[in-house]
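Chemist: What follows is a predicted structure for the sequence shown.
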Amino acid sequence: MTEIDIKAAATFMATHARLLDRRRFDVVTGGTNHSVVLAAVDAYRNPDGGYGWGLEPDLRCPESQ
């Protein structure tokens, strides 16, 4: 079984990941609670209540998905 280098993963996330993904990583590794993930998701919310702006990597547009 291969061991996961959490420190290397944390460095990668800090330098390359979106804020949303960094917050999700923090929750998984016990660095914070789920409320910060919800706050990061809210940054993608449109006035109509949907989500846009690259939340899904296959559709990067401002319109709600």
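Modeler: Received, thanks.
Chemist: Ser64 - how many residues pack around it?
Modeler: The tally of other residues near Ser64 (other C-beta atoms under 10 Å) stands at 15. Glycine gets a C-beta too; all of them are placed from N, C-alpha and C.
Chemist: same deal with Gly52?
Modeler: For Gly52, the neighbour count with other C-beta under 10 Å is 17.
Chemist: tell me which element Asn37 falls in.
Modeler: Slight slip there: residue 37 is Val, not Asn. For Val37, the element it lies in under DSSP states H and E is helix 34-42.
Chemist: quick one: that helix to chain centroid distance?
Modeler: Helix 34-42 has its C-alpha centroid displaced from the chain centroid by 9 Å (C-alpha atoms, centre = their mean, to the nearest Å).
Chemist: What's the mean pLDDT across that helix?
Modeler: The predicted model assigns helix 34-42 a mean pLDDT of 92.
Chemist: Just the buried positions in it, please.
Modeler: Buried residues in helix 34-42, counted by 16 or more other C-beta atoms under 10 Å: 36-37, 40.
Chemist: again, but for stretch 1-11
Modeler: Applying 16+ other C-beta under 10 Å to stretch 1-11 flags Ala10 as buried.
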